[in-house]
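[1] sequence and predicted structure, then a few things I'm wondering about:
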Amino acid sequence: MIPAGFEYHRPGDIASAIGILEEHGDEARVIAGGHSLIPMMKLRMAEMGHLVDLQAIEELKGIEVGSDTVTLGAMVTQHELITHDGLAAAIPLIREAALQIADPQVRYVGTVGGNVANGDPGNDMPGLMQCLNATFDLSGPDGNRSVAAREFYEAAYFTAREDEEILTRISIPVPGAGVGQAYEKQKRKIGDYATAAAAVMVGNGTASVAMTNLADTPVWSESASAALADGDVNGCVAAMLDAIEPVADNRGPVEFKKHVAGVMLRRAIDRAQNRAG
Amino acid sequence: MNDQTLTPEERAANLKGMGSSRKRVEDVRFTQGKGNYVDDIKLDGMLFGDFVRSPYAHARVVSVNKEAALALPGVIAVLTAEDLSPLGLHWMPTLAGDKQMVLADGKVLFQGQEVAFVVAEDRYIAADAAELVEVEYEELPVLTDPFEALKSDVVLREDLEGQTEGAHGPRKHHNHIFTWEQGDKDATEAILAEADVVAEEMVYYHRTHPCPLETCGSVASMDKVTGKLTLYGTFQAPHAIRTVVSLISGIAEHNIRVISPDIGGGFGNKVGAYAGYVCSVVASIVTGKPVKWVEDRMENLMSTAFARDYWMQGKIAATKDGKITGLWCHTTADHGGFDACADPTKFPAGFMNICTGSYDIPTAYLAVDGVYTNKAPGGVAYRCSFRVTEAAYFIERMIEVLAIKLNMDAAELRRINFIKADQFPYQSALGWEYDSGDYHTAWDKALKAVDYEGLRAEQAQRVEEFKAGKTRKLLGIGLTHFTEIVGAGPVKNCDILGLGMFDSCEIRIHPTGSAIARLGTISQGQGHATTFAQIIASEIGLPADDITLEEGDTDTAPYGLGTYGSRSTPVAGAATAMAARKIRAKAQMIAAYLLEVHDDDVEWDVDRFAVKGAPERFKTMKEIAFAAYNQAIPGLEPGLEAVSYYDPPNMTYPFGAYICVMEIDVDTGEWDVRKFYALDDCGTRINPMIIDGQVHGGVTEALAIAMGQEIAYDEMGNVKTGTLMDFFLPTAWETPNYITDYTVTPSPHHPIGAKGVGESPNVGGVPCFSNAVHDAFRPFGLVQSHMPHDHWRIWKIANGLGMHG
Amino acid sequence: MSKMHVKLTVNGKEVEGLAEPRTLLIHFLREDLKITGPHIGCETSHCGACTVDIDGKSVKSCTTFVAQVNGADITTVEGLTNDDGSLGVLQEMFREHHGLQCGFCTPGMITRAHRLLQENPNPTEEEIRFGMAGNLCRCTGYQNIVKAISASADMLNAQKEAAE
């Protein structure tokens, strides 16, 4: 498995990176950790003339934990998410989910920005960010804009991000005290993409529920969330099962995935409710 | 150390001979990254070869256009069947008496089949060039189901059209390969007709793959000046490869040197001869430069050496008390596009006729039909002796099915049907002579070790709790008592391509009392350099640490048939002991001469010959070695060397009792192995540390196979499990700790009584895990379901039994 | 494609070379630098045989372009041998506890275990199994690998104590 050739760029700031993307258009792609993109390149399912490596851009780094908002630089790695105690105190759900992504080696280089931006329905962070009602900051030739995670995903590998835009930061409102959180994921083995995964926040009369790898985008359900906020677990699960559209693959047929989706969701709700106290 | 003051036990311990958990000599290199595997080999001017492979499972190859590829700078050649055909190398013989395309000759029969071989200056250019080769295909109907293939009008092997006689007898259909029958059909059917009880089931052992961490590869270097071909490769049988290369290429065998360097795991994957090996040789001849070929993981899983894929229809007859009276089995064997099974020539279904297992079954019948389909060829013994895993899985499932039918405890059903210790040597109904065994002792020890009664009580309680809605987890207790047949084998009935399946060892003692030994086998992680030195140490009294062991270079090692089918210890280990005994016999004469007594007046004592009745008068092996080189001894040639070619009188029959305790979540299909107990009886134990390691690894491979690992195809013949994302290899996280145990029942015909152990844990492990899954659902009515037991298939069992409300 | 100038520190030595940007780090190490300890197993970042240590992180070098790590400090299994040529603690414990068979996964295992113990000097069995989940072994069933890593932790801690 050998990738096709490309020109390599390592810009030092966002403006330069956007400049390279503008110059080369379709021919250019950004790379963060690369553990999704490089295997695709090795299989020659992804080819590009120019690879724009974002690792040297300081503006894309860092975790800031404020009293109301947490912001994550797009180049923050899963490993950094896991080892940041302030983040774990503010939003424990992130560490819990990040520990269930891939394996240690991949988590050292895999970034939160790459995970949310490439639009792979198997990735865990998109559903998580929808559950947390995160906002993605994008920079492009026409300036900066923000898109809600719940509005970002259009189809598998298609997102609201334009080709010449870079996802720079993620802002997450800190859930209030008394909100319990849980991430429940069934996988064939450790490191695998989810057969079904559920991210749940519940407490103080609010709730948010999202699921992963059960449609061609992550699925956040307003009605499921509303039902859970009202304490109606069965209604929540029914609404979510209505919203997902799993397809058969090596992980199993549709009816199995739907069943497991319900099980994961109930378990996540149960744990989140217990944590809400 | 003063030889005078040490006890015999202390002297024996210093040898680190048989029975010692000697640390491995190999590890000093491996732990520092100093192994030397095929892809580590770099020769001057070496080129790199890469394949263009078919995306289709069945298609005509209309044309191959090389122009764009050849125009790429750095590309040296692009070979197609047309280029190989003048050399007669566009097809090659398989080990099973069939032939196989090296490069697509007009059509392709499986996805991933080799179509063209690109040779370039490095692997990056080769990969680019492979993309530029334009192949025009015309798709043909695809057959992935062997039962359908036997009914279909679609002819897969047009080259065989009209041939009604195959390598193993008549062909009944154009997609049929052979029928192989063993046992007494009429008598078995008569017993089935009259039996108190008959249980019948289809037992499917799915297609999988050995998947060693190192893929297959080779480096061929044709020296045009000397006319000598050196071929490095991932070969589990380097000598056989040399002979095959000579026969198909026409290069004289003495001009071929085959070297198996370190091998990164084999498990059967590296027994066969592959298109890549042939193409690297041809490319080296054509270009005059060394050519390396190394497959990538997808190529490995798609094209080299699948295993299993046996559909086994079984009927088992018994009295109402549970005494088995007959066994019937019809197997439909999916061999893929070519019959490339790696079995001894006279055994087209390997040793499937060991399928009466550990049980005294008076009458039995087995028939196997081999079938062509649009899947990859292979059919290798994946960590087992030729189809023994299939046989063990079959009988251990049939026992469980019979236990259900009889409403009996499956442990008890086994006990009352075991071959008894006093029945050995035992003649099985399907033609084997089991050498030795004590199954009842092993079984009782195993049941006691896990507190079987306690486990059954816990399970019964769990069932009650489940029914009461207090838990959603079931408890499964998996039982297996397996009997293997390994150590192929006696030349009278075992050969590969006409080469008798003996093996060999040559030992040279150096004047200072150290030694080198060379064998016809090749380690792939089994630790031969460690264990075979231990055999020699015990036999001739020189410390194992002073004995170098070499394998894998056909220019220096004696001829042997290689390492697979757990044959190294039973065959080459025996050769090692026999060669050592020849040395000891000569040493006895030297010692007697030095001690000035008659040959018969000295006796062996750990590491020396001593005068009988006067143990203070002795010559150590070290002293004898020196004398062999510096003294003129009347009637004896100088030197101290020996070689043995060992033709085993029989196979060996290792056995074991395995018990697995598994928790199963009926809502998700998730499983957790709570306990796994493995008792192995491999006869005499050479290195307990290595035996335990072999058992841990073999059971883990069994865990993978039983619980998720498969080579799956869609209806178009596309491989669905082509990367390690989907092809299940468990990590440290899914893998449990194992409890190992043993009994020792030596082989009566093996010089040191050893039987071989490397493959037992896979043979016994697969049915044990599968039986645990089945056992969990037995109280709810499950009789039989197919592996692999991944989450959704377990869920499907629960769903089918109405457990999801 | 034009080649780029690559400069790395590998096992304490500065090395340089020319490489196409698409060159995978594993190939640069193995082919250009002749450092053949790290192996190629799966090529899709699932097996960990290619694991090396880059700037204090365990990384799969078959899924890394050499261009991405230009300037980095890299340690491979070859760099974990003691200066006097004797086996390092992990290497010795893998041998002592039979934590390897064919040896193909071993360089990646040991290199990964090295980083694991740097980050967690007293891991439980569960933490070892979780921390080694990115490395596949087909031979050992992991039991002795876990034992070897656990024993290494004990030995390293004892050495540290003795030095203090």
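    Structure's in. What do you need? Remember, it's a predicted structure, so these values are computed and weren't measured experimentally. Numbering: from 1, shown residues only, chains lettered A, B, ... in the order given.
[2] name the nearest residue to whichever residue of the stretch 101-250 of chain B sits closest to chain A, sequence neighbours excluded.
    Evaluated by C-beta to the nearest C-beta, the stretch 101-250 of chain B has B:A127 as its residue closest to chain A, separated by 3.6 Å. Quick note: C-beta positions are derived from backbone N, CA and C, even for glycine. Distances taken as C-beta to C-beta, 6 or more residues apart in numbering or on different chains place A:I2 nearest to B:A127, at 3.6 Å, with adjacent residues excluded.
[3] any idea how far the strand or helix carrying the residue of the stretch 101-250 of chain B closest to chain A is from the chain center?
    Under the criterion of DSSP states H and E, B:A127 resides in helix B:123-132. Its chain's C-alpha centre and that of helix B:123-132 lie 34 Å apart, by C-alpha atoms, centre = their mean, to the nearest Å.
[4] can you classify C:I128 by secondary structure?
    helix (DSSP: H, G, I helix; E, B strand; the rest coil).
[5] can you get me a residue count around it?
    C:I128: 23 surrounding residues under other C-beta atoms under 10 Å in any protein chain shown.
[6] ok, now which ones touch it?
    B:732, C:116, C:146, C:149-150 (C-beta atoms under 8 Å, 6 or more residues apart in numbering or on different chains).
[7] element containing the closest residue in space to B:A772 that isn't next to it in sequence, please.
    Leaving aside its sequence neighbours, B:A772 sits nearest to B:G478 (C-beta to C-beta, 6+ apart; 2.8 Å). Taking DSSP H and E as the criterion, B:G478 maps to strand B:473-483.
[8] direction included, what does that strand pair up with?
    strand B:655-665 (antiparallel) (DSSP bridges).
[9] picking that back up, may I have the beta-bridge partners of the residue nearest to B:A772?
    On the basis of DSSP bridges, B:G478 is bridged to B:C660.
[10] measure how buried it is and give me the count.
    B:G478: 26 neighbours (other C-beta under 10 Å).
[11] can you give me the pLDDT of C:M1?
    Note on C:M1: pLDDT of 63.
[12] again, but for the one 4 residues further on
    Looking at C:H5, its pLDDT reads 96.
[13] quick check: phi and psi on residue 159?
    Picking chain A for this. Dihedral angles of A:T159 (phi, psi; degrees, to the nearest 10) stand at phi -130, psi 180.
[14] I was after chain C.
    Torsion angles, degrees, to the nearest 10, at C:Q159: phi -60, psi -40.
[15] would you check that it makes contact with C:G88?
    No - contact criterion C-beta atoms under 8 Å: C:Q159 and C:G88 do not qualify, at 11.2 Å.
[16] who has more neighbours out of the two?
    C:G88 (20 against 11).
[17] so the more buried one sits against C:L80, correct?
    Yes - counting by C-beta under 8 Å, C:G88 touches C:L80, with 4.5 Å between them.
[18] okay, now the domains of the chain?
    Because you didn't say which chain, this covers chain A. What automatic domain parsing lists as the domains of chain A is A:7-53, A:58-173, A:180-275.
[19] if you could check chain C rather than the one you did, that'd help
    Per the record, chain C has its domains at C:4-79, C:80-163, by automatic domain parsing.
[20] what is the end-to-end distance of the last one?
    What it means is domain C:80-163. 19 Å (C-alpha to C-alpha, to the nearest Å).
[21] need phi/psi at B:Q313.
    The phi/psi pair for B:Q313 (degrees, to the nearest 10) is phi -90, psi 120.
[22] what's around it, how many residues?
    16.
[23] who are the packing partners of the longest helix seen in chain A?
    Longest helix in chain A, counting residues (DSSP state H): helix A:254-276. Applying 3 or more C-beta pairs under 8 Å, 6 or more residues apart in numbering or on different chains; DSSP states H and E, one finds that helix A:254-276 contacts strand A:180-187, strand A:194-203, strand A:206-212, helix A:233-243, helix B:791-800.
[24] measure how far the last one is from the centre of its chain, please.
    Per C-alpha atoms, centre = their mean, the displacement of helix B:791-800 from the mean C-alpha position of its chain is 31 Å.
[25] so which bits of that helix are buried?
    Neighbour-count burial for helix B:791-800 flags B:791-799 (criterion: 16 or more other C-beta atoms under 10 Å in any protein chain shown).
[26] same question for the second one.
    Buried residues in strand A:194-203, counting neighbours by 16+ other C-beta under 10 Å, are found at A:194-203.
[27] domain-wise, how is chain B divided?
    Split by automatic domain parsing, chain B gives B:8-35+B:503-646, B:38-140+B:215-263+B:270-303, B:306-488+B:651-800.
[28] tell me which helix or strand the residue in chain C that chain A sits nearest to sits in.
    Taking C-beta to the nearest C-beta as the measure, chain C has C:G134 as its residue closest to chain A, at 3.1 Å. Element membership for C:G134 (DSSP H and E) is empty, with no helix or strand holding it.
[29] for chain C, what are the low-confidence residue spans?
    C:1 (pLDDT under 70).
[30] spatially central, which residue of it would that be?
    Using C-alpha atoms, centre = their mean, the residue of chain C that lies closest to the mean C-alpha position is C:T111, 2.3 Å off.
[31] where does chain A get nearest to chain C, which residue?
    Counting by C-beta to the nearest C-beta, chain A gets nearest to chain C through A:D103 (3.1 Å).
[32] how about the helices in the chain?
    Picking chain A for this. So, for chain A - with DSSP H - the helices run A:14-24, A:37-42, A:78-83, A:85-90, A:92-98, A:104-109, A:112-117, A:125-131, A:149-152, A:222-229, A:233-243, A:254-276.
[33] please go with chain C instead
    Here chain C has its helices, by DSSP H, at C:25-27, C:89-96, C:106-119, C:125-131, C:143-163.
[34] just so I know, which of those helices lies nearest B:A627?
    The closest of the helices of chain C to B:A627 is helix C:89-96. By C-beta to C-beta, the value is 36.2 Å.
[35] just to revisit the earlier point, okay if I get the domains of chain B as CSV plus distance to A:A227?
    Shown next, in CSV, are these (distance: least, C-beta to C-beta, whole Å):
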stretch, distance to A:A227
domain B:8-35+B:503-646, 56
domain B:38-140+B:215-263+B:270-303, 45
domain B:306-488+B:651-800, 21
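[36] output the ones you listed in CSV; the columns should cover mean pLDDT.
    Below are those laid out as CSV (pLDDT from 0 to 100):
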stretch, mean pLDDT
domain B:8-35+B:503-646, 96
domain B:38-140+B:215-263+B:270-303, 96
domain B:306-488+B:651-800, 97
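[37] residue of the stretch 51-200 of chain A nearest chain B, please.
    A:I190 (4.2 Å).
[38] that residue touches B:W733, doesn't it?
    Yes - using C-beta under 8 Å, A:I190 is in contact with B:W733, at 4.2 Å.
[39] mind listing the shared neighbours of those two?
    In contact with both A:I190 and B:W733: C:130, C:133, using C-beta under 8 Å, 6+ apart.
[40] which parts of chain A sit against chain B?
    Residues of chain A found near chain B (C-beta under 8 Å from any C-beta of the partner chain) are A:1-2, A:4-5, A:43-44, A:103, A:186, A:188-192, A:195, A:250-253, A:255-256, A:259-260, A:263.
[41] give the contact list for the residue in chain C positioned nearest to chain B.
    Proximity to chain B, evaluated over chain C using C-beta to the nearest C-beta, is greatest for C:G37 at 2.1 Å. Residues counted as contacts of C:G37 (C-beta under 8 Å, 6+ apart) are B:32-34, C:76-78, C:107.
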